[in-house]
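Undergrad: have a look; sequence and predicted model below, questions after that.
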Amino acid sequence: VQLQASGGGLAQAGGSLRLSCAPSGGTFSGHALGWFRQAPGKERVFLAGITWVAGTTDYTDSVKGRFTISRERAKNTVYLQMNNLKPEDTAVYYCASASFATYAAGEYDYWGPGTLVTVSS
């Protein structure tokens with residue numbers, strides 16, 4: 001399954017962006033989905049996850065209250081709504097799918113190519 005993330009771009013501090021992720025082939029059904037980001041020179045880190053069937057969500061502390069993960073099953077799409085963006089949110093954002101809910105990037109089987117988010121101060 002190839003995942004396609006979109007919606008990245010340039011935002012000002014305090015602004016918002018919404019990222020979308022959809023599979024180019026296959027479906028998300030039965031999987032858990034996660035959003036990660038990787039800033040230059042840093043490791044890829046987990047941001048938020050959601051289970052496809054139940055819609056159970058989880059977040060890393062740094063984005064709680066600012067980012068919201070959701071899924072729209074009819075459109076086979078997962079979203080990451082990002083509000084109150086900060087310059088330190090600048091990174092390449094990736095969506096990924098796994099067979100179970102997990103924080104660990106290594107447990108995710110399928111990844112998209114990423115979408116760049118740049119937040120200016």
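TA: Yes, it's here. Residues are numbered from 1 along each chain as shown.
Undergrad: all strands of this structure, in order?
TA: 3-6, 9-12, 17-23, 32-38, 44-51, 57-59, 67-72, 77-82, 91-98, 110-111, 115-120 (DSSP state E).
Undergrad: what's the separation between the closest residue to Y93 other than its chain neighbours and V117?
TA: Once flanking residues are discounted, Y93 sits nearest to R37: 4.8 Å by C-beta to C-beta, 6 or more residues apart in numbering. (Glycine included, C-beta is placed from N, CA and C.) In this view, R37 and V117 are 8 Å apart by C-beta to C-beta, to the nearest Å.
Undergrad: quick check: beta-bridge partners of L33?
TA: With DSSP bridges as the criterion, L33 is bridged to I50, S97.
Undergrad: tell me, how many residues neighbour it?
TA: Using other C-beta atoms under 10 Å, L33 is surrounded by 25 other residues.
Undergrad: give me the neighbour count for the residue lying closest to C95 once chain neighbours are set aside.
TA: Beyond its immediate neighbours in the sequence, the residue positioned closest to C95 (C-beta to C-beta, 6+ apart) is C21, lying 3.4 Å away. Burial of C21 is recorded as 27 neighbouring residues (other C-beta under 10 Å).
Undergrad: the one 5 residues further on too?
TA: Applying other C-beta under 10 Å, we find 13 other residues in the vicinity of G26.
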